[in-house]
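# Need coordinates for the following:
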Amino acid sequence: MDAEHVDAHDEHQAHATGIKRWLFTTNHKDIGTLYLWFSFIMFLVGGAMAMVIRAELFQPGLQLVEPNFFNQMTTVHGLIMVFGAVMPAFTGLANWLIPMMIGAPDMALPRMNNWSFWILPFAFAILLSSLFMEGGGPNFGWTFYAPLSTTFSPDSTALFVFSIHIMGISSIMGAINVIVTIVNMRAPGMTWMKLPLFVWTWLITAFLLIAVMPVLAGVVTMVLTDKFFGTSFFDAAGGGDPVMFQHIFWFFGHPEVYIMILPSFGIISAILPTFSRKRLFGYSSMVYATASIAILSFLVWAHHMFTTGMPVFAELFFMYCTMLIAVPTGVKVFNWVATMWRGSLTFETPMLFSIAFIILFTIGGFSGLMLAITPVDFQYHDTYFVVAHFHYVLVTGAIFSIMAAAYYWLPKWTGHMYDEKLGKIHFWCSVISVNVLFFPMHFLGLAGMPRRIPDYAIQFADVNQIVSIGGFAFGLSQLIFLAVVLKCIKGGEKAPAKPWDGAEGLEWTLPSPAPYHSFSTPPEIK
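Numbers count the residues shown, from 1 in each chain. Reported below is the predicted structural model:
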């Protein structure tokens, strides 16, 4: 297509209205918006399932739901939060921000971009519909270990496998798009070491996605054939090995954890310098630290499997590699703190979420180091200690950074300033309730309460009650966030092109709200 045709096509799209505009759009901002709304809806759906879990655990004994349905809730809650809330939110941010940050007119592959979004609602419709099938939905945990997912699973497992495949295809298409855009469409003068850190973290994340999504596709296909076609990849009776499932799954699953946190690092590295009114401390070391985390993430998968009877040599290898990953992560935390050191700090909502991210994500990192130590992992394994650990990493980590990003870039997206007072109420409600929700879980786990169970011993009753109250409070707090966003879209104080006085980056050179076309002529980078 030559330039004139592209412009005509885009003009036609810009004037399309109603549902047509959203169905056929190839504009990176529209697609970013679709991703963000989709992820927020999924966040509420997954959150509702967490409410069912916490309501059941409010008291010992079986209260509200059948154990089988309880297991379906824990499984689908995990799948939705990972594949439906966190990952699409980051992809939405990438769509919105990467072209504006590198001075590009749009993403490199706009039609594929549209396609990669629109297959997602179908994937989740398939997954959620499995809950209404005879025998119920997936009930084997989001990690779907064999033989739970092969020998003992309901027939709806086929739908679960199909929906995972579609999510994976969407992720791979999104990742290819990000890589091609960043490599080919940077404005003249935008050298590699001038890229904003959000762009760097996403570039590295995209390579991780392309590397591990096919592994997930492989392992769910093996589950499918074991269940329905008589193969025995994971069945010892037919010469297979159930522990092999865990090796393949976690070879996907551990880099996946970093896929869900690396873009957070980029977001925090954009927000902290703005409200500290200083340059980011140690930019190049941040880039190298991100790359080393990505590489090391392929060498630690078996730390999820210390109790499977691996040889001691392997346990030691994975223990040391896991501890090693704390070094580049520590570099990042040090650089963030050094960025704030002696800056002129102000505490707007995005900054509050970013500071909470650093403190609470670090708590999650420390409990991760504890889990990395092979001999003590035998006590922690499969207890609520693990649940506490990864929720500190993913809720106060990934989700808090996504909220920080939403507050930070909302004025650019909508052209209005959000209600700062409401934003701060949302922050304080969230940060207090999230700690009431997840911190006591460490103690439950150390005392021996196993995870993924609908009933528990009486001595855990009081702590579980506190945890459940924290859970309901955290869930309700997110409705304040919805109110802030809707209020901001409807109107409010007009946002200038650069609403934050310390902000740097190409996106702040565009008017607010950002025009349909960001940079028709690429800007010159000095």
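
# What ranges does the stretch 251-400 of the chain have for its helices?
Secondary structure of the stretch 251-400 of the chain (DSSP state H, counting those that start in this stretch): helices at 262-276, 283-296, 312-324, 326-340, 349-372, 374-380, 384-393, 400-414.

# Just give me how far the second one sits from the chain centre.
If I follow you right, that is helix 283-296. Remark: helix 283-296 is offset 19 Å from the chain centroid, using Cα atoms, centre = their mean, to the nearest Å.

# Would you mark the buried spots in stretch 62-73?
Going by neighbour count (16 or more other Cβ atoms under 10 Å), the buried part of stretch 62-73 is 65, 69-73. Where you see a C-beta, it was placed from the backbone N, CA and C, and this is true even at glycine.

# how far is that stretch from where the chain is centred?
Worked out by Cα atoms, centre = their mean, stretch 62-73 lies 26 Å from the chain centre.

# Can you name the residues in contact with that stretch?
49, 52-53, 55-56, 131, 136-141, 452, 454-455 (Cβ atoms under 8 Å, 6 or more residues apart in numbering).

# so who does the residue nearest the centre of the chain touch?
Centrality entry for the chain: nearest residue to the mean C-alpha point is residue 86, 2.9 Å, by Cα atoms, centre = their mean. By Cβ under 8 Å, 6+ apart, the contact list for residue 86 reads 39, 260, 394, 398-399, 402.

# so where's the chain uncertain?
1-15 (pLDDT under 70).

# let's see 50
1-4 (pLDDT under 50).

# Tell me which stretches of it form strands.
With DSSP state E as the definition, the chain shows no strands.

# Please go through it and pick out the longest helix.
Identified as the longest helix of the chain according to DSSP state H is helix 197-228.

# Buried ones in it, by neighbour count?
So for helix 197-228, counting by 16+ other Cβ under 10 Å, buried means 197-206, 208-209, 211-213, 215-217, 219-220, 222-224, 226-227.

# Tell me the helices and strands packed up against it.
The contact analysis (3 or more Cβ pairs under 8 Å, 6 or more residues apart in numbering; DSSP states H and E) places helix 197-228 against helix 87-102, helix 157-184, helix 242-259, helix 262-276, helix 283-296.

# and the direction of the fourth one versus that of helix 283-296, what angle?
The reference is to helix 262-276. 160 degrees (axes from the mean of the first three to the mean of the last three Cα atoms, to 10 degrees).

# try the first one
Taking the same axes, to 10 degrees, one finds helix 87-102 and helix 283-296 inclined to each other by 150 degrees.

# Run the chain-centre distance for helix 87-102.
Using Cα atoms, centre = their mean, the offset of helix 87-102 from its chain centre is 13 Å.

# And for the longest one?
The chain centre lies 14 Å from the centre of helix 157-184; the measure is Cα atoms, centre = their mean.

# ditto for the third one
Relative to the mean C-alpha coordinate of its chain, helix 242-259 is positioned 17 Å out (Cα atoms, centre = their mean).

# Run through who's touching that helix.
So helix 242-259 is contacted by 82, 87, 143-147, 205, 208-209, 211-213, 215-216, 218-219, 222-223, 233-236, 293-294, 297-298, 300-305, 308-309, 390, 393 (Cβ under 8 Å, 6+ apart).

# Could you do stretch 204-213 as well?
With contacts defined as Cβ under 8 Å, 6+ apart, stretch 204-213 is touched by 90, 168, 171-172, 174-176, 178-179, 251-252, 255-256, 258-259, 262-263, 290-291, 294, 297-298.

# quick one on the thing from earlier: looking at the helices of the stretch 251-400 of the chain, which is closest to residue 96?
Within those, the stretch nearest residue 96 is helix 400-414; the backing value is 6.9 Å (Cβ to Cβ).

# What helices and strands are in contact with the closest one?
helix 28-56, helix 87-102, helix 262-276, helix 349-372, helix 420-446, helix 461-490.

# quick one, which of those is nearest to residue 121?
With Cβ to Cβ as the criterion, residue 121 lies closest to helix 28-56 of those, at 6.7 Å.

# Give me the angle between that closest one and helix 461-490.
Using the same axes, to 10 degrees: helix 28-56 against helix 461-490 is 160 degrees.

# quick revisit: deepest in the core, which of the helices of the stretch 251-400 of the chain is it.
Ranked by mean neighbour count, the helices of the stretch 251-400 of the chain are led by helix 262-276 with a mean of 27 (mean count of other Cβ atoms under 10 Å).

# Pull the contacting residues for residue 405.
93, 267, 271, 350.

# mind checking how far it is from residue 267?
When distance is defined by Cβ to Cβ, to the nearest Å, residue 405 is 5 Å away from residue 267.

# quick one on the thing from earlier: of all the helices of the stretch 251-400 of the chain, which one is nearest residue 432?
Nearest to residue 432, of these and by Cβ to Cβ, is helix 349-372 at 10.4 Å.

# Distance from the chain centre to that closest one, please.
With Cα atoms, centre = their mean, you get 15 Å for helix 349-372.

# again, but for stretch 183-198
Between the mean C-alpha location of stretch 183-198 and the chain-wide mean there is a distance of 24 Å, by Cα atoms, centre = their mean.

# any idea how far residue 451 is from residue 387?
5 Å.

# my bad, should have said residue 143
Distance from residue 143 to residue 451, by Cβ to Cβ: 11 Å.

# before we move on, the earlier item: in CSV, list the helices and strands packed on helix 197-228 along with distance to residue 377.
Shown next, in CSV, are the helices and strands packed on helix 197-228 (distance: least, Cβ to Cβ, whole Å):
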stretch, distance to residue 377
helix 87-102, 27
helix 157-184, 28
helix 242-259, 14
helix 262-276, 25
helix 283-296, 18
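
# To residue 422, which of those lies closest?
Closest among the helices and strands packed on helix 197-228, using Cβ to Cβ: helix 262-276, at 18.6 Å.

# Check which helices and strands that closest one sits against.
helix 87-102, helix 197-228, helix 283-296, helix 326-340, helix 349-372, helix 400-414.

# Go through the ones you listed and name the closest to residue 380.
Here helix 349-372 is closest among these (Cβ to Cβ), at 5.6 Å.

# and the closest one with helix 400-414, angle?
Using the same axes, to 10 degrees: helix 349-372 against helix 400-414 is 150 degrees.

# Spatially nearest residue to residue 368 (excluding sequence neighbours)?
Nearest residue to residue 368, sequence neighbours excluded (Cβ to Cβ, 6 or more residues apart in numbering): residue 389, at 5.8 Å.

# What is the neighbour count of residue 115?
By other Cβ atoms under 10 Å, 14 other residues sit near residue 115.

# and the gap between it and residue 28?
14 Å.

# Kindly report the same for residue 403.
22 Å.

# I'd like to know which of the helices and strands packed on helix 197-228 lies nearest to residue 345.
helix 262-276 (5.6 Å).
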